[in-house]
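Visitor: Sequence plus the predicted model coming up.
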Amino acid sequence: MITDKWKEKYDLCVEWKSNNPNTLLNINLVYKGIKIGTWYYRQKNIYFYGDALENGCLEHNGTIMNKEKQLLMSELIDETDITYNDWEYNFSLILKWYEENPNKRLRTDTFYFGVNIGKWYSLHKTIIKNGIKKKDNSICYKTFILSHDKVKKIKNLMSKLEKNTAWNDKFILCKEYMLLHDTKNINAGIIYKDVSIGSWFNFQKAIYNNGMLGKDNIIRYGNHRLTLEQVEKLESLDIKWFKQGKRILEKEITKDNQFQIKREILKRFKEYLKDCKTTEEVNFDINFKR
């Protein structure tokens, strides 16, 4: 059974698409006072991700789509519409999400541009983990088949996302350890909860001190990288990038390290001002030892 409310929104989508050929129906679209964009993407979510029931209906998150609605949706979704079954589009969405969220975990309930990229990514991890490798290097899992090219793309994506997750996990362990032991530093040999947080913590310093800041605001040192968000996270632990006795202006300033040196000078100067009881005590020779 199709309700009048459902049919009204469906007809509005049909009308909008006929008036706007070759144009993607955006999730935020409001047409004639109705949020058809949100409605449309919810229906697509059921259509592509719903579980098939014995009576032929689809069920997704408690919402049922009967056969009649499925037929109408199949007619509404045309070749110009980017849908959940567009593999390359979904893959590109995750790459874009990763660029904007380099320090976040991709959860299974993560939606981006109306697509549940978290569930899509989780499915592909399952295919690669549990699937059977064929002679042509494709991977088959149940009714899903991933070509060799797609397998390589997903594995490369996994290395980025899992590395990102691992960074956050180790950061949290460092934070726990520092609070537990009331310390502002972690020696290189420290192991906490079976993780070598000491070597990891000190290597982050090495990346910062020896790396170069790129135009994308990422510090790179060889194949290793630190985003500014990661730098700020580490600084929230009151991390000391440089040795405390180091006269910072005696360190050679190059185009590679000028960002770090300037940041350190500003940081030490702010700390110096906090220690001064009056402005008359301020000594503007910043090349001091702390």
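Guide: Everything's here; your move.

Visitor: CA atoms for contacts and neighbours, from now on please.
Guide: Will do.

Visitor: May I have the secondary structure class of Thr23?
Guide: Using DSSP: H, G, I helix; E, B strand; the rest coil, the secondary structure recorded for Thr23 is coil.

Visitor: Can you give me the separation between Trp39 and Thr3?
Guide: 14 Å (C-alpha to C-alpha, to the nearest Å).

Visitor: Looking only at neighbour counts, state which of the two leads.
Guide: Trp39 (18 against 7; other C-alpha atoms under 10 Å).

Visitor: Residues in contact with the helix or strand where the more buried one lies: which ones?
Guide: Using DSSP states H and E, Trp39 maps to helix 36-49. For helix 36-49, the external contacting residues (C-alpha atoms under 8 Å, 6 or more residues apart in numbering) are 9-10, 12-13, 25-30, 58-60, 63-65, 70, 73, 83-85, 114-115.

Visitor: Please, a PyMOL command that selects the buried ones among these?
Guide: Buried residues within the contacts of helix 36-49, by 16 or more other C-alpha atoms under 10 Å, are selected in PyMOL with:
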select buried, resi 9+10+12+13+25+27+58+59+60+64+65+70+73+83+84+114+115
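
Visitor: circling back: pull the distance from the helix holding Trp39 to the chain's centre.
Guide: 23 Å (C-alpha atoms, centre = their mean, to the nearest Å).

Visitor: what's the following helix or strand after it?
Guide: Downstream of helix 36-49, the next assigned helix or strand under DSSP H and E is strand 51-52.

Visitor: Just give the strands next to that next one in its sheet, each with its orientation.
Guide: strand 58-60 (antiparallel) (DSSP bridges).

Visitor: Show me what the mean pLDDT comes to for the helix holding Trp39.
Guide: The predicted model assigns helix 36-49 a mean pLDDT of 84.

Visitor: buried set for it?
Guide: Applying 16+ other C-alpha under 10 Å to helix 36-49 flags 36-47, 49 as buried.

Visitor: Repeat that for stretch 208-215.
Guide: Under the neighbour-count criterion of 16+ other C-alpha under 10 Å, stretch 208-215 has 208-209, 211-213 buried.

Visitor: Asn28: what secondary structure?
Guide: Taken by three-state DSSP, the conformation at Asn28 corresponds to coil.

Visitor: now what about the host helix or strand of Asn209, what contacts it?
Guide: Following DSSP H and E, one finds Asn209 within helix 197-210. The contact list for helix 197-210 (C-alpha under 8 Å, 6+ apart) reads 170, 173-174, 186-191, 219-221, 224-226, 241-242, 256-257, 260.

Visitor: now the following helix or strand past that helix, how far from the centre of its chain.
Guide: For helix 197-210, the following helix or strand on the C-terminal side (DSSP H and E) is strand 212-213. Strand 212-213 has its C-alpha centroid displaced from the chain centroid by 22 Å (C-alpha atoms, centre = their mean).

Visitor: List the strands paired with whichever helix or strand comes after strand 212-213, with their directions.
Guide: Using DSSP H and E, the helix or strand that follows strand 212-213 in sequence is strand 218-221. Each strand paired with strand 218-221, and its direction, by DSSP bridges: strand 212-213 (antiparallel), strand 224-227 (antiparallel).

Visitor: pLDDT weak spots in the stretch 151-290 of the chain?
Guide: By pLDDT under 70, the low-scoring segments of the stretch 151-290 of the chain are 163, 242-259, 261, 263-266, 268-269, 271-290.

Visitor: That one: helices as residue ranges?
Guide: Taking DSSP state H, counting those that start in this stretch as the criterion, the stretch 151-290 of the chain carries its helices at 197-210, 228-235, 258-275.

Visitor: Any buried residues in the first one, and which?
Guide: Spelled out, that is helix 197-210. Counting neighbours by 16+ other C-alpha under 10 Å, helix 197-210 gives 197-198, 200-202, 204-205, 207-209 as buried.

Visitor: If I take that helix and helix 228-235, what angle do their directions form?
Guide: 120 degrees (axes from the mean of the first three to the mean of the last three C-alpha atoms, to 10 degrees).

Visitor: Any idea how far helix 197-210 is from the middle of the chain?
Guide: 22 Å.
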